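# okay, predicted coordinates and the sequence, questions at the end:
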Amino acid sequence: MGSGEWGPEVVVLLESRRAVYVEVPKVACSSIKIALAGVLGIDLGAAGGNPHLVELPAPRGDPASSGPPYPGLFSFAFVRNPWDRLVSCYRDKVNGEARDFTGLDRERGVAHCLARFDSIRAGMSFEEFVEAVAAIPDEEADEHFRSQHRFVCDRNGALAVDFLGRFESLEADWARVCGVLDLPGVVLPRTQVSGEPVRYEEYYSAESRELVRRRFARDVERFGYSFGERPRRPRFSPPRLVEEAPRGRDVWKGTTSRPRPWRGMESETEALGLESGTVRVVSYDRRWPHLFEVASRELRIALGSSIVAVLHVGSTSVPGLCAKPILDILVTVPDFEASLELVPRLEDLGYEYRPDEEIPDRHYFRRRRGTARTHHLSLAEASSRHHRVTLAFRDALRAEPSLASDYAGLKLHLARRFPRDRQVYLEGKSGFIARVLGESGLV
């Protein structure tokens, strides 16, 4: 892919884990690729330990398709404070301070990848380097100082990966990824250390600091970074996920070719998210089943033997059925009262406990992205009425397409009439639900 293209230069496929790593240069990519080479069973010895000289497997997508770039795959990437990242680029690619393997390929006294820029030269000061980078637009920039949003966001600015970690919390975020992928004990090696550790702030004058802010304004805004401060980081929640399985697309087969640019991707906010107090019914989204699978895996890792099962319920669990863009999850617990002990662990995952007096045999939680609700979760025993009627209604809709079609028509009608009255919308569905449950012998 040419430097002016939008999207990642390198993507690593972990086929057995149904995942891809989207590389952002100068954000621990050497360490991550070494760790992933170990997971893949690839020996880096012949390459002198350099993961950049080895062709790691990459997914192959359909260039004519739209929608998520890697159907059925969990995608993750990491970003870094733009001021810090540029200092790292200068110390490594211009000054040649990095140990290990990056200092081997140099031209005109700078890294080969930067030698094509006449304005970048050996021995230049950091201030001069900042001025040179600021004058090079992203369409012409080398990947090592190209804006990070071009690797991990679509052209509308929406995040295009399922999990975005931070260099500033690399160890914790890497552990989170390993937890989702079920890779216990995989640690990141420390590589490409640039000489003596220094604070990146020490490199900047007021002028160069402002130049970087303007040059990487979209990264600063999109990822919440500021000079000398930790990023404004929201509570973790799994973002936009992708469809459960590829439809006639050979994304599983490893290939050494680089992926094509991303086209027409839907934003993460289109998959899930509904503002409180509103009613919005959307068409079935093929990303919902896989979104549930990833959320389920995260819950099973966090809750372990304290739960019996994690079930996808509600309209998003019925193939082809329109629904409010909120994922409904039913967690089966062996002891309803004792399950209150799980509240702190669920809160750590971003689920807010909401005591529900109307349905006394469940513990109810909700998860948000900003002010939008994305997940509803219930804890209930398998023998409870809530558990039985929830599954009975879901299974009835799954078994009878005509019934699901009738329910869809009712929901769309109510949503159009009462877009701001959730309570009336729910009451409008109650008769239909009661009739279906009555036919199942549960009412």
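Structure's in. What do you need? Residues are numbered from 1 along each chain as shown.

# show me the helices in this protein, by range?
29-40, 82-89, 126-134, 149-152, 170-181, 206-215, 217-223, 268-271, 288-303, 343-348, 385-399, 401-417, 422-439 (DSSP state H).

# just give me how far the fourth one sits from the chain centre.
Mean-position distance between helix 149-152 and its chain equals 13 Å (Cα atoms, centre = their mean, to the nearest Å).

# and it, average pLDDT?
Mean pLDDT, helix 149-152: 92.

# which strands and helices lie in contact with it?
strand 74-79, helix 217-223 (3 or more Cβ pairs under 8 Å, 6 or more residues apart in numbering; DSSP states H and E). The C-beta positions use only the backbone N, C-alpha and C, and glycine is treated the same way.

# which helices and strands sit right next to the longest one?
In other words, helix 217-223. helix 149-152.

# so what touches the helix it packs on?
6-9, 22-24, 77, 79, 138, 157, 159-161, 164, 218-219, 222-223 (Cβ atoms under 8 Å, 6 or more residues apart in numbering).

# try it again with 10 Å
With Cβ atoms under 10 Å, 6 or more residues apart in numbering as the test, helix 149-152 has contacts from 3-11, 22-25, 27, 75-79, 138-139, 141, 143, 155, 157, 159-161, 164, 216, 218-223.

# may I have it exported as CSV, CA atoms only?
What follows is helix 149-152, C-alpha atoms only, in CSV (Å, rounded to 0.1, in the frame of the first residue of the first chain):
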residue,chain,number,x,y,z
HIS,A,149,-6.0,7.8,13.2
ARG,A,150,-5.3,6.8,9.6
PHE,A,151,-4.3,3.3,10.8
VAL,A,152,-7.2,2.6,13.2
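
# domains in the protein, by residue range?
Domain ranges of the chain: 11-223, 272-439, per automatic domain parsing.

# may I see the buried residues of stretch 312-328?
312-318, 321-328 (16 or more other Cβ atoms under 10 Å).

# repeat for stretch 144-163
Neighbour count says stretch 144-163 has 144-154, 158-163 buried, by 16+ other Cβ under 10 Å.

# again, but for stretch 417-435
Going by neighbour count (16+ other Cβ under 10 Å), the buried part of stretch 417-435 is Phe418, Tyr425, Gly428, Ile433.

# tell me the one of these nearest Ala382?
In terms of Cβ to Cβ, no member of the buried residues of stretch 417-435 lies closer to Ala382 than Ile433, at 20.3 Å.

# flag the shaky bits of the stretch 301-443 of the chain, pLDDT-wise.
Residue ranges of the stretch 301-443 of the chain with pLDDT under 70: 442-443.

# rerun at 80
For the stretch 301-443 of the chain, the stretches with pLDDT under 80 are 356-357, 440-443.
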